[in-house]
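>>> I would like the atomic coordinates for the input below:
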Amino acid sequence: MSDTNPAAQPATWRIVLAAIFDFLTAFLVFGYIIASVFGGKTADGFQLNGLPALLLFVLIVAYFILFNRFLGGTLWKRILRARRS
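As a prediction, the model looks like this:
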């Protein structure tokens, strides 16, 4: 039998919602910063192609890895209290 208490675990919807919000937040923040640096801003937001788009992808992956491994959870996991023990 498992020693974990199922009542202490966060609901699955919180984990999924936190992942979606984390992705959108990282995409918008990192995308806007990269577009500002590399000149990809448009009237409607930003557009990234080639190396800037690859850099955005790398930063999003790094966000999830670094925050979960070294900081105890991503921004939205902390806000929604969706961290698993």
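>>> which of the helices or strands spans residue 56?
Assigned by DSSP states H and E, residue 56 belongs to helix 51-70.
>>> give me the mean pLDDT for that helix.
For helix 51-70, mean pLDDT rounds to 95.
>>> if you count neighbours, what's buried in that helix?
Neighbour counts over helix 51-70 (16 or more other Cβ atoms under 10 Å) mark 52, 55-56, 59-60, 63, 67 as buried. Where you see a C-beta, it was placed from the backbone N, CA and C, and this is true even at glycine.
>>> right, and the helix or strand after it?
Beyond helix 51-70 toward the C-terminal end (DSSP H and E), the next one is helix 75-79.
>>> center of the chain - which residue?
Most central in the chain under Cα atoms, centre = their mean is residue 22, positioned 3.1 Å from the mean C-alpha point.
>>> separation between that residue and residue 41?
Between residue 22 and residue 41 the distance is 23 Å, computed by Cβ to Cβ, to the nearest Å.
>>> could I have the helix holding residue 56 exported to PDB, CA atoms only?
Taking C-alpha atoms only, helix 51-70 is exported to PDB below (Å, rounded to 0.1, in the frame of the first residue of the first chain):
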ATOM      1  CA  LEU A  51      16.900  31.300 -34.400                       C
ATOM      2  CA  PRO A  52      14.700  33.600 -32.200                       C
ATOM      3  CA  ALA A  53      11.900  31.000 -32.300                       C
ATOM      4  CA  LEU A  54      14.400  28.200 -31.300                       C
ATOM      5  CA  LEU A  55      15.700  30.400 -28.500                       C
ATOM      6  CA  LEU A  56      12.100  30.800 -27.300                       C
ATOM      7  CA  PHE A  57      11.500  27.100 -27.300                       C
ATOM      8  CA  VAL A  58      14.800  26.500 -25.300                       C
ATOM      9  CA  LEU A  59      13.800  29.100 -22.700                       C
ATOM     10  CA  ILE A  60      10.400  27.600 -22.200                       C
ATOM     11  CA  VAL A  61      11.800  24.100 -21.700                       C
ATOM     12  CA  ALA A  62      14.500  25.600 -19.300                       C
ATOM     13  CA  TYR A  63      11.700  27.500 -17.400                       C
ATOM     14  CA  PHE A  64       9.900  24.200 -16.600                       C
ATOM     15  CA  ILE A  65      13.100  22.200 -15.800                       C
ATOM     16  CA  LEU A  66      14.800  24.900 -13.700                       C
ATOM     17  CA  PHE A  67      11.700  26.000 -11.700                       C
ATOM     18  CA  ASN A  68      10.500  22.400 -11.000                       C
ATOM     19  CA  ARG A  69      13.900  21.000 -10.100                       C
ATOM     20  CA  PHE A  70      15.600  23.900  -8.300                       C
END
